[in-house]
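> Take this sequence and fold it.
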Amino acid sequence: MLISPPFLPNRADDLSDAQWLELAMQGGVPGQGGYPVSFNLGWHGGIHLEAPSSGNSRLPVCAIADGTVVYVRKPTEWPCPMQEDHPLNYRGGWTSDGCVVIKHETEIGANAEDTATQVTFYSITMHLHEIHKKIKQGKKIYRKDEVGQAGHIYGDPNKIHFEIICDDKNLALLIGRAEGDLDTSKDGRTDSVYGELYFKLPEWAEIYTTQPAANVVTPDEPSMHTLGKPMYVGIRYAAGDGEPGRRGDAYITTYQEDGEIVGASVMEDEAEYKLYASATKISDAYRAANAKPNATQAPVPAPSAVYELLHFGRVIGPDALNPANTPHWRKICFGEGYGWVNLNAPGVMKFSDADFPHWKDWKLIDDSKDLDSRCDSKTIKGWLDEDQDGKVDPNEAVSLLSEDHIQAKMRHTICKLPTEWEKATVDHRWGWLKEESEENPAPLSDADFLKLREHIEELAFWEEAGIGISTNHWHFQPREFIRQFRMCGWMSSSELDHSLAAAPAAGRVRAEALRLSMNKMMRKFSIHTGRLRSAHFLAQVGHETGWWQYREELGNERYFRTMYEIITVQEAAEDYRSGLAQRLNLVQRGESEQGYAARRPGVVAAKAATMDNGAANASHGGQTGDGPRFRGRGFLQITGRRNYIGYGAFRGRDFLTDPNPRLLATDDFNACDASGFYWARERANIEADAGSEARNVTRVGGVVNRGSAARVPLHDRERQNVFTAIWERLNDDV
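I've put the predicted structure just below:
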């Protein structure tokens, strides 16, 4: 899912995503357009937002995600002069009634069998003063497309009511359950994994003073502490977000069972950038232990599986973790100090933000059975009952609704309520306002209620909209929904196709055929976590492969031998005379045929040595025919015996023995994964996180094409153009 806020202000480079989102979605004051209740405990299924300023004007409302417009209502023109009895002239001012409803169909992941987790939700924008002329019912709309201009709410200008809703089926798909708190007796979902990782430590979890060896499951030294009660440990990778220089860090936070943070978080410098090195170190520790005299031989875990253990807390890909108890040591705060704990020990359960965990305040509240709009939730009333006397005093509610800790809980409620946009049910939904109660000490008169009913009916649209879900449905706090799913990064078919609009049609078709494998690879190697990383990766791969046309380097046997293995003086001279050497930019300025023919064999020999290719490198396993055998394959062109050995060691598989080298091109997962392996090994995310300027594109291209960010890649201008086109679609700028 690719999602943005409905307003898109400029973003300073040092702003975190959370800070920018607060800037983009201002409003939702408790009791005055807040979520999910007002001061009199009437349900309010969305939030009121104010359009941010942009020079002398206000930013337009934009679509938050790709979708289809299912309902449009043009705003009523203000009567002139203003009619005091007009239903839209209520509570002292005009309320705009322009409305647009968008159905969003997207994906948030896929399971091991490559079944995508497809989700549907709706966004509702009410109180529009103007609607863009291109917005038509039944028409496709894309993220960032302009919807219209914010209008008035009770005379207050530049405001909208914004809502995000879904039905029962899609609630379960979006958050991984249909009711209650998260079941922590088993690991969380694996089809969708994003954001902070969480580990539920059992009460018997042992804490150690010093970091144990990477392959040690049970240290010889006694533990310094036993937890004594369950706790949660969270690992949050910066994922390219935040201030420059800190975009690859990890933060380790300990939580009590109720979500209270224990002590200060532990920061691991550049831990995300070092995932490949860290995984390899653990695998190497097992291999070194096996090499000791009289050592009992143990399985050596493949770094690919260990990489996922460190990144996701468990393996979600096809490479099994063997041994399954490979340790995952992290330094944590346990309340009385800091120590080391094994997050892959028996009894440790693993989750992520995709599970909407209750210790992070996520709470499901169903108050739909009575079909009215009065909050009867014991949970919410309990939060607002400050003296816990079983009653909610209106003054208490006014005070507590403004408290940060109460608002944090309110923001994370997911509430099932009857829609406030249905005409036929106004009396039933709001009739209780005519009755005195503890939450409603000043009941409305019949005349006042009539004005309220007329106002609500004027804004209502549900009966005529034909929205395909029940009037009783689930509501999310929009800012929190968007914040949550901006961490997802998984691309649906529509989102990928729209992002690659600059590619030829055939290229987009090929990309779609690879989409699930590519999504899984980008998730595994922390590429999808930031739009900037995704844009850099897709641009480089798109250019390198002719838009996914080439999984394998083109050429004949002679070409690969003389490029990557061995070339004679005579063959070099032939290449010079045929113009091949010039076309490949192999000739130095002013170099003669004789000079080139004399120099080129040494260059190829040196290159073959760095690849361990050919009989000349037999001491490293090189054999005749290595040039063609280990040609560039995968989408970032893994090339040479040494790289094939490296990738095989990473996966714990044989890609050396014929015909296995071809699997890097013929198998979709291998072709994608090998590219992610190279990206992670070369730490390309460091350069991708640095920015979207031309120099950043050049440095990423240097890593991919020349093996060094300091070297200008071939076809740099073309790479720049491809990146610009993709970044224009993926960024949050309009």
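> Helices along the stretch 251-400 of the chain, start to end?
Assigned helices in the stretch 251-400 of the chain, in chain order: 275-290, 303-312, 378-384, 394-400 (criterion: DSSP state H, counting those that start in this stretch).
> So what's the gap between the third one and the chain middle?
This points to helix 378-384. Relative to the centre of its chain, helix 378-384 is centred 32 Å away, using Cα atoms, centre = their mean, to the nearest Å.
> average pLDDT across that helix?
On average, the pLDDT along helix 378-384 is 92.
> So for that helix, what gets flagged as buried?
By 16 or more other Cβ atoms under 10 Å, the buried positions in helix 378-384 come out as 380-381, 383-384. Yep, even glycine has a C-beta here, placed from its N, CA and C like the rest.
> domain assignment for this protein?
For the chain, automatic domain parsing gives the domain ranges 17-179+362-485, 197-355, 557-730.
> Now render those domains as a markdown table, adding distance to Leu516.
Below are these laid out as a markdown table (distance: least, Cβ to Cβ, whole Å):
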| stretch | distance to Leu516 |
| --- | --- |
| domain 17-179+362-485 | 5 |
| domain 197-355 | 12 |
| domain 557-730 | 8 |
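> Can you say which of those is nearest to Pro6?
Nearest to Pro6, of all those, is domain 17-179+362-485, at 5.1 Å by Cβ to Cβ.
> So what's the gap between the closest one and the chain middle?
From the chain centre to the centre of domain 17-179+362-485 is a distance of 25 Å (Cα atoms, centre = their mean).
> Where does the prediction get shaky in this protein?
Within the chain, the ranges that satisfy pLDDT under 70 run 80-81.
> Would you tell me which helix is longest in it?
helix 593-611 (DSSP state H).
> Show me what it is packed against.
Judged by 3 or more Cβ pairs under 8 Å, 6 or more residues apart in numbering; DSSP states H and E, helix 593-611 is in contact with helix 557-564, helix 569-578, helix 626-629, helix 641-651.
> Can you list the neighbours in contact with the last one?
With Cβ atoms under 8 Å, 6 or more residues apart in numbering as the test, helix 641-651 has contacts from 280, 302-304, 307, 319, 610-613, 617, 620-622, 626, 629-630, 638, 654-656, 661, 664, 673-674, 677-678, 681.
> Report the inter-axis angle for that helix versus helix 557-564.
Interaxial angle of helix 641-651 relative to helix 557-564 (axes from the mean of the first three to the mean of the last three Cα atoms, to 10 degrees): 90 degrees.
> Hey, what's the angle from helix 641-651 to helix 593-611? Just curious.
With the same axes, to 10 degrees applied, the angle from helix 641-651 to helix 593-611 works out at 20 degrees.
> Skipping adjacent residues, who's closest to Ser46 in space?
Ser isn't right for residue 46; it's Gly. For Gly46, ignoring the flanking residues on the chain, the nearest one in space by Cβ to Cβ, 6 or more residues apart in numbering is Glu163 at 3.3 Å.
> Can you classify the one you found as helix, strand or coil?
strand (DSSP: H, G, I helix; E, B strand; the rest coil).
> what's near enough to touch it?
45-46, 122-126, 475, 478.
> So for Lys524, which of the helices of the stretch 251-400 of the chain sits nearest?
Of the helices of the stretch 251-400 of the chain, nearest to Lys524 by Cβ to Cβ is helix 303-312, at 6.5 Å.
> before we move on, the earlier item: mind putting the helices of the stretch 251-400 of the chain in TSV, distance to Glu512 included?
Formatted as TSV, these follow (distance: least, Cβ to Cβ, whole Å):
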stretch	distance to Glu512
helix 275-290	29
helix 303-312	25
helix 378-384	44
helix 394-400	50
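> quick one, which of the ones you listed is nearest to Ala581?
With respect to Ala581, and counting by Cβ to Cβ, the nearest of the helices of the stretch 251-400 of the chain is helix 275-290 at 35.5 Å.
> Give the buried residues for that closest one.
Of all the residues in helix 275-290, those buried under the rule 16+ other Cβ under 10 Å are 275-276, 278-280, 282-283, 285-286, 289.
> Please, which helix or strand holds the residue nearest to Ala539 when sequence neighbours are not counted?
Leaving aside its chain neighbours, Ala539 sits nearest to Phe723 (3.7 Å; criterion: Cβ to Cβ, 6+ apart). Assigned by DSSP states H and E, Phe723 belongs to helix 716-730.
> Going by contacts, tell me the helices and strands next to that helix.
helix 493-499, helix 531-544, helix 694-706.
> I'm done for today, thanks for sticking with me.
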